[in-house]
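Got a sequence here, can you build the structure:
(2 chains)
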Number of protein chains: 2
Amino acid sequence: MTVETNVRLNGVDLDAVGSLVGAVQADPAAAQTTWAAQVNWKGGFQSESRVRNFAPVASDEPSTIGGTDTAPNPVEQLLAALGNCLAVGYAANASVAGIAIESLSIGLKGDLNLKTFLGLEAGHAGFDSITAKVNLISDAPREDIEALHAKVRASSPVGHTLGIAIPVSIGPAG
Amino acid sequence: MTVETNVRLNGVDLDAVGSLVGAVQADPAAAQTTWAAQVNWKGGFQSESRVRNFAPVASDEPSTIGGTDTAPNPVEQLLAALGNCLAVGYAANASVAGIAIESLSIGLKGDLNLKTFLGLEAGHAGFDSITAKVNLISDAPREDIEALHAKVRASSPVGHTLGIAIPVSIGPAG
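Residues are numbered from 1 along each chain as shown, chains lettered A, B, ... in the order given. I've put the predicted structure just below:
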């Protein structure tokens, strides 16, 4: 396999990934990043998020929860974020390992008891568990695919954020 | 304050919320919900998420990480999901408490070290911490606003999912 083939495998720009790895190896501080988003409430249960210069993305709740059902709700967005993160992880790690991906889709599900959200009970308001089922089509040997699953599990930023407890500070600005 | 005023406060449909609360009180099993999303990989670091019948939402990575920078990335989406969830929480709890919200925006930030994502080090690949700064404009008394912040913190599905460790299962489908 030539370097040229590798660079384009799965459409992943391995040169850019390699440059970032080199930058972090030269200066570990380069790995420390901060990400941001801004949410503006639009009335009722509608809001929109803004990230950098991209178009705002709408959020709403189903009518069963009191919303107007015009967009995915926040917990669905959380599942989508996990799936998108895993897609990046599979594409990146497969490319580094020389595995060509024919197709990849990920089905995400999470169970959530609404009692705490509704104020009926103190306790955990969030997902009790989340499952990501990965449909990966590839001609690569079974053991390479198993190693790929393990690598993605071990390195997913959104997966790890959900899988461990992190400090979440919520309060008035300024 | 009349019931009619309450029903429309902040644009929140308190009748619908009240119906859901009543249904859960009559049958606690009604509080148990399952949410889903589907992610399809589009090549490189691009993917799109689908939720119910809504239009697909794009995901990409910045060019510094090897992406083509066409959409917010998964960790930004995660922050957005938290902000949208908090917006619902503020709107719902303010309306129940009779607090009129003039405006509400939420700035979200999270620190993340890329070393584990890049495969340079084993460990935690996710956010180390997340901060949500809430800009809430309201004429309500200060103590009511403080109680509102506390209620939202105590009942946010996305906030709690991030703030405690939950089981995240990632692996091949079927």
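
for A:Ser169, phi and psi?
phi -100, psi 120 (degrees, to the nearest 10).

Could you measure from the closest residue to it other than its chain neighbours over to B:Asn113?
Distances taken as C-beta to C-beta, 6 or more residues apart in numbering or on different chains place B:Thr131 nearest to A:Ser169, at 4.7 Å, with adjacent residues excluded. In this view, the C-beta of every residue, glycine as well, is placed from N, C-alpha and C. Distance of B:Thr131 to B:Asn113, given as C-beta to C-beta, to the nearest Å: 16 Å.

pLDDT below threshold where in chain A?
Along chain A, segments meeting pLDDT under 70 span A:1-7.

in it, which spans are helices?
A:3-8, A:14-26, A:74-96, A:142-153, A:157-163 (DSSP state H).

Deepest in the core, which of the ones you listed is it.
helix A:74-96 (a mean of 28; mean count of other C-beta atoms under 10 Å in any protein chain shown).

and that helix, how far from the chain's centre?
Centroid separation for helix A:74-96 versus its chain: 4 Å, with C-alpha atoms, centre = their mean, to the nearest Å.

so, in contact with chain B or not, that helix?
Yes: for helix A:74-96, a contact with chain B is found by C-beta under 8 Å from any C-beta of the partner chain, at A:74-93, A:96.

check contacts around the closest residue in space to A:Asn93 that isn't next to it in sequence.
Computed as C-beta to C-beta, 6+ apart, the closest residue to A:Asn93 that is not its neighbour in sequence is A:Lys151, at 4.5 Å. The contact partners of A:Lys151, by C-beta atoms under 8 Å, 6 or more residues apart in numbering or on different chains, come to A:Gly89, A:Asn93, A:Ala97, B:Gly119.

Correct me if wrong: the first one contacts A:Ser156.
Yes: counting by C-beta atoms under 8 Å, A:Gly89 touches A:Ser156, with 5.1 Å between them.

which residues do the two both contact?
Common neighbours of A:Gly89 and A:Ser156 (C-beta under 8 Å, 6+ apart) are B:Phe117.

buried ones in stretch A:124-143?
Neighbour-count burial for stretch A:124-143, counted by 16 or more other C-beta atoms under 10 Å in any protein chain shown, picks out A:His124, A:Ala125, A:Gly126, A:Phe127, A:Ile130, A:Thr131, A:Ala132, A:Lys133, A:Val134, A:Leu136, A:Ser138, A:Ala140.

er, stretch A:34-41 I mean
A:Trp35, A:Ala37, A:Gln38, A:Val39, A:Asn40, A:Trp41.

Close to chain B as well: tell me which of the residues you listed qualify.
A:Trp35, A:Ala37, A:Gln38, A:Val39, A:Asn40, A:Trp41.

Of the residues you listed, which is the nearest to chain B?
A:Val39 (3.0 Å; C-beta to the nearest C-beta).

does the closest one have beta-bridge partners, and which?
A:Ser49, B:Ile106 (DSSP bridges).

Can you verify my assumption that it contacts B:Ala91?
No: shown here, A:Val39 and B:Ala91 do not form a contact pair, counting by C-beta under 8 Å, at 11.8 Å.

What distance do you get for A:Pro157 to B:Phe117?
A:Pro157 is 5 Å from B:Phe117, by C-beta to C-beta.

Now the common contact residues for the two.
In contact with both A:Pro157 and B:Phe117: B:Ala125, using C-beta under 8 Å, 6+ apart.

Need the nearest residue in space to A:Leu9, chain neighbours excluded.
Nearest to A:Leu9 is A:Ser95, by C-beta to C-beta, 6+ apart, at 4.5 Å.

Start and end of stretch A:41-53, how far apart?
Start and end residues of stretch A:41-53 are separated by 18 Å (C-alpha to C-alpha, to the nearest Å).

Any buried residues in it, and which?
A:Trp41, A:Lys42, A:Gly44, A:Phe45, A:Gln46, A:Ser47, A:Glu48, A:Ser49, A:Arg50, A:Val51.
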